[in-house]
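Chemist: coordinates for the following, if possible.
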Amino acid sequence: MQVIDIEASGLDPDLSYPIEIGVYDTQHPETSISFLIKPDASWEYWDSNAESIHNISRNLLDKEGISLEDACDRLNLGIDQVVISDAPDFDYMWLQRLFDKASKPMRFKVSGFYSFLTPEQQSQLNRHLDIQERPHRALADARMIGQALRPFLNE
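Modeler: Okay, here's the model as predicted:
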């Protein structure tokens with residue numbers, strides 16, 4: 001299973017955009033992917049509160065981020081068919097914004113991990129994740145979620 005996490009410029013649903021994406025592969029961790037994204041010139045929204053949480057500066061994105069097109073290509077190549085998210089609505093929104101701006105098709109689906117867990121498993125997972133300190137970096141967060149999900153998977 002592959003787990004995705006996205007760091008964004010903020011949480012405003014109309015203005016925010018993805019700035020870092022991590023995809024953790026629970027079966028083959030060595031194939032996990034992570035990258036910073038250089039924002040499109042039209043993406044101006046920046047929430048300094050979000051920056052204080054993920055510690056990714058706009059300057060870092062300009063220096064080390066990859067293009068929107070490269071980001072889409074890496075995701076389409078690196079994700080099998082479905083990627084799991086702990087926040088599928090937000091992650092799908094940001095992915096759609098990325099792929100739309102790059103004029104690329106998204107060749108995978110985003111699903112919430114709660115869709116395949118029983119209510120008891122959801123409670124167990126929530127208790128486990130609630131006590132974890134999130135690094136708020138995409139791959140580290142995706143890894144933490146993926147490792148927490150492993151006891152519930154039949155891989």
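Chemist: by mean pLDDT, which helix or strand of the protein comes out lowest?
Modeler: Using mean pLDDT, DSSP states H and E, the weakest-scoring helix or strand in the chain turns out to be helix 119-131, at a mean of 88.
Chemist: what helix or strand does residue 16 sit in?
Modeler: Using DSSP states H and E, residue 16 falls within no helix or strand.
Chemist: could I get the phi/psi values of it?
Modeler: Backbone dihedrals for residue 16, given as degrees, to the nearest 10, come out at phi -80, psi 160.
Chemist: show residues contacting the lengthiest helix in the chain.
Modeler: In the chain, assigned by DSSP state H, the helix with the most residues is helix 88-102. By C-beta atoms under 8 Å, 6 or more residues apart in numbering, the list of residues contacting helix 88-102 from outside reads 4-6, 8, 11, 13, 16-18, 37, 40, 42-43, 67-69, 71-72, 75, 85, 105-106, 110-112. In this view, the C-beta of every residue, glycine as well, is placed from N, C-alpha and C.
Chemist: again, but for stretch 66-80
Modeler: By C-beta under 8 Å, 6+ apart, the residues outside stretch 66-80 that reach it are 2, 4, 18, 21, 23, 31, 33, 35-38, 40, 95, 98-99, 101-102, 104-108.
Chemist: repeat the analysis, applying 10 Å as the threshold.
Modeler: 1-2, 4, 17-18, 20-21, 23, 25, 31-40, 43, 65, 83, 95, 97-110 (C-beta atoms under 10 Å, 6 or more residues apart in numbering).
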